[in-house]
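Student: need a structure here:
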Amino acid sequence: MGITEKACAWFESYLTGRSFSVPWLGQSSTVHHLATRVSQGSALGPLLFAIYTTSLGEITGSHGFSYHCYADDTQLYLSFPPDDHTFSARISNCLSDISKWMKSYNLQLNLSKTELLVIPAKPSIQHNISIQIDFLSLAPSKAVRNLGVVIDERLTFKDHVASVACSCCFALYNIRKIRPYLTQHATQLLVQSTVISHLDYCNAHLTDLPACTVRPLQMVQNAAARLVFNHPKGAHVTPLFIELHWLPLAARIKFKLLTLAYKVRDGTAPIYLNPLAKDYVSARPLRSSQDCRLAVPTPRSGQSRLFSCIVPQMWNDLPSTPRIGASFSIFKKLLKTLLFREHLLN
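Tutor: Numbers count the residues shown, from 1 in each chain. Predicted coordinates:
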């Protein structure tokens, strides 16, 4: 891992010599030495766990899988043609090897929380998959929750929208009960922290979805604005958004995508996004080659919502001023002003 000398000694001193006891009915149990774990609640816990499980990538790679890890949550990815009949065995073999590897590392594969999602290239493609692992059967799910985002097998995100809308409505219901005791500013802060932040979380997945799909989330934002000003249900929300300086849902999604595009060009985005947005290189020297444009691929049928297709087009449609030479903070300020005028002031 490249950790040597002082840094390695620091980790060693942090992890060794620890003990624990259990409080019960006002008394504490006998102190026991802690030999094989990081203290509960440690800020370094997720990082140290990721270091401890680094060799997992060798196992998944040997079976042709890609993987992502977030703390103790591991996701495996595999693409295969519809006529490939070996993928079930490949998945079973990979999970079996992972289970053996975990046992050797004093870990346990939690099969009760292991889920399988199959996303066909076309809705007409049918699949009949059953994965066998440790005498248990793992069948595909219609939808799974991935770090708070509900992903369904058709990528419609209807389940995710319904889940977010339900959570936000419950938060608004609770705030509404105490609204008479809150100032407008306090209500705004509470709504932004419990509702608007929820609408913004991973909202890039909602790009270019049908308006009827995302309408429940826009209705939630409308209700949130009315609650801040204590206005009735039918009140017009555009003046409220302007006073709050809130972008509507569609503009917030566009804002998120364009900030990701900036980070890709700036080299600060996650590395898996870098191949999806490449600088446009002209075959001839043109004046427009200095405009920091992105290459726009020709999408195939059904691929218009891909990050690699929609984000370069959005980026190229921006005026040259935000694109060229602005720092990230200035870019966000210029972009929000642009979207504010486009969606609320026109």
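
Student: Give me the buried positions along the worst-scoring helix or strand of the chain on mean pLDDT.
Tutor: Scoring the helices and strands of the chain by mean pLDDT, DSSP states H and E places helix 320-323 at the bottom, with a mean of 76. The neighbour-count check on helix 320-323 (16 or more other CB atoms under 10 Å) flags Pro322, Arg323 as buried. C-beta here means a position set from N, CA and C on the backbone, and glycine is covered the same way.

Student: Could I have the CA atoms of that helix written out in CSV?
Tutor: C-alpha atoms of helix 320-323 as CSV (Å, rounded to 0.1, in the frame of the first residue of the first chain):
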residue,chain,number,x,y,z
SER,A,320,-18.0,30.5,-23.4
THR,A,321,-17.6,32.7,-20.3
PRO,A,322,-18.3,30.0,-17.7
ARG,A,323,-16.4,27.3,-19.7
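
Student: need the next SSE after that helix, C-terminal direction.
Tutor: Downstream of helix 320-323, the first helix or strand assigned by DSSP states H and E is helix 328-340.

Student: Quick one: mean pLDDT over that next one.
Tutor: Average pLDDT, helix 328-340: 93.

Student: Which strands or helices does that helix pack on?
Tutor: Counting contacts by 3 or more CB pairs under 8 Å, 6 or more residues apart in numbering; DSSP states H and E, helix 328-340 packs against helix 249-266, helix 320-323.

Student: Could you identify which of the ones you listed is most buried?
Tutor: When you average the neighbours per residue for each of the helices and strands packed on helix 328-340 (mean count of other CB atoms under 10 Å), helix 249-266 leads with a mean of 20.

Student: quick one, it and helix 328-340 angle?
Tutor: Inter-element angle recorded for helix 249-266 and helix 328-340: 150 degrees (by axes from the mean of the first three to the mean of the last three CA atoms, to 10 degrees).

Student: And whichever helix or strand comes after helix 249-266, what's buried?
Tutor: Later in the chain than helix 249-266, the nearest helix or strand by DSSP H and E is helix 307-317. Buried residues in helix 307-317, counting neighbours by 16+ other CB under 10 Å, are found at Phe307, Ser308, Cys309, Ile310, Val311, Pro312, Trp315, Asn316.

Student: same check, this time on stretch 22-36
Tutor: Under 16+ other CB under 10 Å, stretch 22-36 has no buried positions.
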